Each structure stands twice: as C-alpha cells, then as structure tokens.
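> Below is the sequence, then the predicted model.
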Amino acid sequence: MRDAYTVEAVRKAEDVLMARGPEGALMQRAAAGLAAVCARLLPRVYGARVVLLVGSGDNGGDALYAGARLARRGAAVLAVLAADRVHEGGLAALRAAGGRVSADRADARAAIAAADLVVDGLLGIGGRGGLREPHAALAAHAADSAALVVAVDLPSGVDAGTGAVEGPAVRADVTVTFGGYKPGLLIDPGAGRAGVLELVDIGLGPELPPAHVRSPQAADIAALLPGPGAESDKYRRGVLAMASGSDRYSGAAVLSVGGALRGGVGMLRYAGQAGVVAKVLDRWPEVVATVLEPTDPVAGLPQRVAAWVVGPGRGLHPAAVVELRTVLGTGLPVLLDADAITLLAEEPDLVRDRSAPTLLTPHAGELARLLPGVDRADIEARRLAHATRAAAEFGCTVLLKGSTTIIAEPGRPAIVNPTGTPLLATAGTGDVLAGLIGAMLASGLAPRDAAVCGAYLHGLAARLACGGAPISASDLLGAIPAAFRALR
Ligand SMILES: NC(=O)C1=CN([C@@H]2O[C@H](COP(=O)(O)OP(=O)(O)OC[C@H]3O[C@@H](n4cnc5c(N)ncnc54)[C@H](OP(=O)(O)O)[C@@H]3O)[C@@H](O)[C@H]2O)[C@@H](O)CC1
Ligand SMILES: [K+]
C-alpha cells in the first residue's frame, strides 16, 4: 500500500522531529536519499552534467545539498537560481564541493539543453498555484531537454494535496519524495507529471497520522481477492443479479454480464427485455435469464441473490425508476452505475435513506448530476475532493471513474487506483467495470474492497490487452483472465 499524507500532516510530523533532533538533520536525510537515487539513474556520476533548478524554499535546499554530494563524486554540477534568495547552507555546501552557480537565463537554457540530469528543486510542498516566472521558463527548458528530470519531493507546479495543475508544471521522469507520499503524486493530473515514484524514509513514520489517501499495490489486491476454495460451489462464490442494458443498448448488457462472469461470479441472474435477453444468452449461455414483462417490470426480478448491479444502458424510462426503487428496497449490496445514477439524481433519498451497502460508480459527468452547483470540469480538476464529498452526502461508497479512479467512503482514507490508463477512455469499458465489481460484491467483499479490486483488475486488463495499442471493451473482457493470473 502506498500511503499519502496531507501537507499539514507532513509539516506537523517534521516539526516534532525537528524539535527533537539536531538542526538540519531532516534535510540532510532527504538530500542523501535524493543524491543516491540520482547517482543510481546516471550511467556514471563522475563527469555527469547535472543542473539543479533551485527555488527560494527548502525544496531548493534539498536540491543544493544533493548537488553537493554529486559534485563531491565528480559530477559537473550547476545550480540555476530562480530566486534572489535561496537556502544559504545548501548554496555554501554546493560551492564548497566545487559546484557552480548561475542566475543568467541564457546560461541556464544552454546548460539545461546539454545536461544529463536536471534536478527540479523549484517548489515542494510550499508551492501554490501554477509556476510563476522564471520557474515556468525553467520547467519548459527542462521539458525540451533530453536530460532525465528528477523532481525533488514533487514536480514543481503540482498541488501536493490534490494533484491539481494550474498552469505550467514540471514533467518528471522520477520523483523522489520524502517521509510519505503526497496525494498529488497519486492523483491525475499531478500523478501523470511525477513519473516513477521513489520514497525516501526520513524518519517521519511514527509521527504521521493515519493516511489521508492510499494506493494499493499488486500484493494488496491479491490479498483481498476472493479465491474459490476447495469446497466452493456456485452459491458460495456468489449469485449476482443484473439489471443492465435494454433493447436499445443491448451491448451494455452483454459487456456488463461479461465483466461479472470474467470476474468470477458463481452464478449470474440477468433480467431484461426479450430482445436483450436473447442477445445476452447468445453471447453468454451460462447466464440464468428472465424476460421482464412490460406490464409489470418488477415481477420477474431475480430473487435469492447476494448482490445487485443496476444501470448500465438500462434507460431512464418510468419502468427503470420502479425497478431502481425495488432493488434499493432490498437489504442487499447494490452497485448503481450509469443510468441508475442519473435517475438517482432525481431521487437522492433512495440512497441517502438506505442502510444496506451501496456503491455508486459515476464518471465525472454523472457525478456532476449528483452534486448540484458543480460541473464536470470542476470534478476533473479536483477529483479527490468531489468523490469524498459525494460519499459523505450520500452516506455510501463512491467510485469516481477517470484518468485516476478514486474510491471514497465516509470515515475511511480515499483509495486511488494505480492501474488506470487513458486506453480505458472508450465506450463500454464502464459496463465491464460494473460487472467486474458486481462479481466481487456477490462474493461477499464490502463495497470499498470490491471497488478497489475491480478497478485494479480493470486497469491491469486494459494494459495487458493489446500491449499499449488502442483497445475495445471486448478486448478488455478478453484480458481480464490475464489480469487475474498476473496477481496470483
Ligand atoms: N520541513 C522539513 O522539515 C523538510 C522539508 N523538506 C523539503 O522542504 C520542502 C518544503 O519547503 P518550503 O516550505 O520552504 O517550501 P518550498 O516548496 O520549497 O517553496 C516555497 C517557496 O516557493 C514560492 N512559491 C510558492 N508558489 C510558487 C509559484 N507558484 N511559483 C513560484 N514560486 C512559488 C514561495 O514564495 P511566495 O509565494 O511565498 O512568495 C516560497 O518562497 C519540501 O517539499 C521538501 O522538499 C525536506 O528537506 C525534508 C525536511
Ligand atoms: K520540486
């Protein structure tokens, strides 16, 4: 698990340690860790051309002390100063180690273009908003250079707490972060700027509160996943009921059912209109299906099931409303996706008043419907805040789909899924996800764990499907078994 902490929590922990230890000890630990990662990344430290981008704060101090360490090992280190005043001790250490210092813009540009390694020490957790000048120009030069870019603590211009990027920001190949991850390193757009993450332990651990945000790794998912035991039968593995698709959107039914079957559901009971039932059975003969009568849309809904998935491609007509009320009226775990979320926006109390486990899986546009006064762009820019708010307002688990999928539940740290990929931004992949998570719910996982496992496998399957080439939702279905195998 990667644990991320708010800036306030990190600063508080640092204060406690600084009051206890010798002055500057934390910065020396940070700089030593940073220099070690830089040395590892360079083919040879001796003679390597290293440029430090140095801002006015302690982030620049880290860069200067690390630069001094590299200079002592024979690297040609140049510090480019972005402010009139920079960390004095760090500057003195660099000079004493034989490093050079420049504040000349033309010099800086040429040196960055010719560098092997650029160390971004412009801003750390003290940064606010998009980069000002000359920081922005230096970040642009680093982006134009063939040099490897290593960010100190976080890429400058990324908001440490949220991952928001408001204007120019550094794009790093590697980010060396200190004491604990910051949410902005795990959540897009910040996560996309951070490259590979390296955590340096500076001893904050015992002073940190519980994580604000967590990001599960492969071993965490493997430990959560239900596996069929020797005595499993189809009922113990879970029976899932599904109300997805319609004669108009039959693909949503075929894909969501496929997601559940590939997700390891013991038995799937599907209910829908005659035409869509035929298509589901044609593709997935293992499904137990019921045709719903137009005159009484709920009489034929499956009974004796462990969990429900409602909504993908189901439509917004009156029968869908009656169906949604009926399913939410059971005491079973229910996943609401797509059209069911749009309907819920009209009757939010259906979930607010519910005490049984409930999971909403909106994308940003759907979440905007649930949160009055917020638009899609706001949600994209501040995903963590809005997912957390929706979970609190509806008193349930919320999985916000997107470039970084976030899973929020009241009173628990939010989870960031690390396997997301832009390849998933294609029609039908959300239907597959709803089915996959439904299978986990039916097997008995709590909504948060089911959502975490489903999102992780879904992203991994997308990455495995075509080796980085564009994929369809059907390709994604085909790759789910490989994603499971990769975790075993
Ligand atoms: N605390 C510790 O024990 C340890 C801390 N450590 C390190 O310290 C880092 C935090 O250091 P920090 O607090 O000095 O802030 P930092 O991020 O360097 O910069 C603040 C300066 O930037 C400026 N500025 C802000 N926004 C800007 C913008 N958009 N564009 C341009 N400028 C902008 C702002 O100026 P202002 O806006 O106030 O005028 C202010 O002067 C932390 O990330 C880690 O690397 C480690 O050594 C471990 C021990
Ligand atoms: K930085």
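Thanks, I have the structure now. Ligands and ions are numbered 1, 2, ... in the order given.
> Report the contact partners of the closest residue to ligand 2 within the stretch 201-350 of the chain.
Closest contact between the stretch 201-350 of the chain and ligand 2, by C-beta to the ion, is at residue 202 (15.7 Å). C-beta: built from backbone N, CA, C; applies to glycine. Listed by C-beta atoms under 8 Å, 6 or more residues apart in numbering, the contact set of residue 202 reads 17, 26, 29, 30, 33, 178, 179.
> Also residue 150?
Contacts here follow C-beta under 8 Å, 6+ apart; on that basis residue 150 touches 34, 37-38, 41, 117-120, 172-176.
> Show me which residues of the chain are close to ligand 1?
Contact residues (C-beta under 6 Å from any ligand atom) of the chain with ligand 1: 14, 18, 26-27, 30, 55-60, 62, 123-132, 135, 152-153, 178, 202.
> now the strands: where do they sit in the stretch 101-250 of the chain?
Remark: strands assigned in the stretch 101-250 of the chain by DSSP state E, counting those that start in this stretch are 117-121, 148-152, 174-178, 196-200, 213-215, 239-243.
> Out of the ones you listed, which is the most enclosed?
For the strands of the stretch 101-250 of the chain, the stretch with the most neighbours on average is strand 117-121, a mean of 30; neighbours defined as mean count of other C-beta atoms under 10 Å.
> Now the element after the longest helix seen in the chain, going C-ward?
With DSSP state H setting the assignment, residue counts place helix 447-465 as the longest helix in the chain. Per DSSP states H and E, helix 447-465 leads on to helix 473-487 as the next helix or strand towards the C-terminus.
> on that earlier part again, from the residues of the chain next to ligand 1, list the buried ones, please.
In the residues of the chain next to ligand 1, burial by neighbour count holds for 14, 26-27, 30, 55-60, 62, 123-125, 127, 130-131, 135, 152-153, 178, 202, counting by 16 or more other C-beta atoms under 10 Å.
> Quick check: residue 45 vs residue 330, distance?
Relative to residue 330, residue 45 is positioned 64 Å away (C-beta to C-beta, to the nearest Å).
> what's the domain layout of this structure?
The chain breaks down into these structural domains: 2-213, 218-487 (assignment by automatic domain parsing).
> Could you export those domains as TSV, including mean pLDDT?
Formatted as TSV, the domains of the chain follow (pLDDT from 0 to 100):
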stretch	mean pLDDT
domain 2-213	96
domain 218-487	94
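> Name the nearest of the contacts of residue 202 relative to residue 310.
residue 179 (43.2 Å; C-beta to C-beta).
> What about the closest one, how many residues nearby?
25 (other C-beta atoms under 10 Å).
> Identify the residues contacting it.
Taking C-beta under 8 Å, 6+ apart as the definition of contact, the neighbours of residue 179 are 5, 10, 13, 14, 200, 201, 202, 203, 204, 205, 208.
> Can you flag which of the contacts of residue 202 belong to strands?
If you go by DSSP state E, the contacts of residue 202 have residue 178 in strands.
> so who does the residue of the stretch 301-450 of the chain found nearest ligand 1 touch?
With C-beta to the nearest ligand atom as the measure, residue 381 is the residue of the stretch 301-450 of the chain nearest to ligand 1, at 16.4 Å. If a contact means C-beta under 8 Å, 6+ apart, then residue 381 has residue 164 as its contacts.
> Could I get the full set of helices for the stretch 301-450 of the chain?
Secondary structure of the stretch 301-450 of the chain (DSSP state H, counting those that start in this stretch): helices at 318-328, 339-346, 349-352, 364-370, 376-381, 383-394, 429-442, 447-465.
> any chance of the ones you listed in TSV, with distance to residue 403 too?
Rendered in TSV, the data for the helices of the stretch 301-450 of the chain read as follows (distance: least, C-beta to C-beta, whole Å):
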stretch	distance to residue 403
helix 318-328	29
helix 339-346	19
helix 349-352	26
helix 364-370	10
helix 376-381	8
helix 383-394	8
helix 429-442	13
helix 447-465	11
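> ok, which pair from the contacts of residue 202 is furthest apart?
So, these by C-beta to C-beta: farthest apart are 17 and 33, at 15.0 Å.
> could you flag which of the contacts of residue 179 are buried?
For those, a burial check counting by 16+ other C-beta under 10 Å picks out 5, 10, 13, 14, 200, 202, 203, 204, 208.
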